[in-house]
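A.B. asks: Need a 3D model of the sequence below.
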Amino acid sequence: MSTAVTTVRPVNPRRRIRRFLPPQHGAWAMLLLPYTVGIALVGPRWPHLPLLGAWLAGYLLSYYVFQAVKTRRPGRFADQMLAYGLVTAPLAAAVLIARPAVLWYAPVYALLLAVNAGYAWRRRERALLNDLASVAQSCLLVFVVATISGAPLSDVAPAFVALFLYLVGTVLYVKTMIRERGHPGYVRLSIGFHAAALVAAAWLDLLLVPAFLVLLARAVILPRRRLRAAQVGMIEIGCSLLVLTLLLVAF
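C.D. replies: All right, here's what the predicted structure looks like:
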């Protein structure tokens, strides 16, 4: 009589961690750049710390919520949604208690998140309008940071515009390098937008011109080259640091 032996494989810790981290490496610059600019312009206050935690955890929560919507399998992402929901809720509550005025932004964020949810439901989360909704959410954080500090929104409005121009241009440029590579229409759209952004940046502050000249050159030259996604990402890190530096100098 034989006895069957069942081998239980140990769970790979790295695999477990990866279950809770979305493969969206480019999103972190979009998340952190407006927050950093806002803090630098209006000065830090203690509610900015839970705001950062709620902002990052909220992004992670939304990613897995939209994955559940896209796949129609909420149970598959229940652990992630529960974990990040438990982190986001108390941090967001702390911010609201400290600065109830941030609730004024709730309808705008709800509308933009509804756009994301709609595209997730249709499995078209790579659509341009969906990306632009995400850019708007990130840039609005500059105003949230200012509201927490009690600073006039006019103090950060130019930075909001500059960040919006940069991030929208980045969305278009990255599409020409990866998902829309070889699509002449997207290349023309990207170059045209970057040229208009350069003019707008010069109107905001001449100190921004060097950064937006670099961004325009990037949009013109790099789509002609075959670069790996990692290379595109490294170049974008350098561009984001350049934009951050000149924004802080200008404003």
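A.B. asks: rest of the way, CA atoms for contacts and neighbours
C.D. replies: Will do.
A.B. asks: okay, V11: pLDDT?
C.D. replies: With respect to pLDDT, V11 has a value of 52.
A.B. asks: just A4 next, same as before
C.D. replies: 49.
A.B. asks: Same check on L21?
C.D. replies: 79.
A.B. asks: May I ask you to name the longest helix in this structure?
C.D. replies: Longest helix in the chain by number of residues, with DSSP state H as the criterion: helix 48-71.
A.B. asks: I'd like the next helix or strand past that one.
C.D. replies: Counting by DSSP states H and E, the next helix or strand C-terminal to helix 48-71 is helix 78-98.
A.B. asks: and the angle for that following helix with helix 48-71?
C.D. replies: Helix 78-98 and helix 48-71 are oriented at 140 degrees to each other (axes from the mean of the first three to the mean of the last three C-alpha atoms, to 10 degrees).
A.B. asks: Not counting its own residues, what contacts helix 78-98?
C.D. replies: Contacting residues not belonging to helix 78-98 are listed as 19-20, 47-48, 50-51, 53-55, 57-58, 60-61, 64-65, 102-103 [C-alpha atoms under 8 Å, 6 or more residues apart in numbering].
A.B. asks: Weed out the non-buried ones from these.
C.D. replies: 20, 47-48, 50-51, 53-55, 57-58, 60-61, 64-65, 102 (16 or more other C-alpha atoms under 10 Å).
A.B. asks: Tell me which residue is most central in the protein.
C.D. replies: Central residue of the chain (C-alpha atoms, centre = their mean): M30, 3.3 Å from the mean position.
A.B. asks: okay but that residue is in contact with V168, surely?
C.D. replies: No - M30 is beyond contact range of V168, at 10.4 Å (criterion: C-alpha atoms under 8 Å).
A.B. asks: Under a three-state scheme, what state does W46 occupy?
C.D. replies: coil (DSSP: H, G, I helix; E, B strand; the rest coil).
A.B. asks: A92 versus that one, what's the distance?
C.D. replies: 13 Å (C-alpha to C-alpha, to the nearest Å).
A.B. asks: who's more crowded, these two?
C.D. replies: The residue with more neighbours, out of W46 and A92, is A92; 20 against 11, by other C-alpha atoms under 10 Å.
A.B. asks: Per-residue pLDDT of the more buried one, please?
C.D. replies: Per-residue confidence (pLDDT) for A92: 97.
A.B. asks: now swap in the one 10 residues further on and tell me
C.D. replies: According to the model's per-residue confidence, V102 sits at a pLDDT of 97.
A.B. asks: 40 is where my numbering starts, stick with that
C.D. replies: That works, and once the first residue is 40, the last one we named lands at V141.
A.B. asks: what sits against it?
C.D. replies: 135, 183, 186-187.
A.B. asks: Could you say which helix or strand holds L206?
C.D. replies: With DSSP H and E as criterion, L206 is part of helix 196-216.
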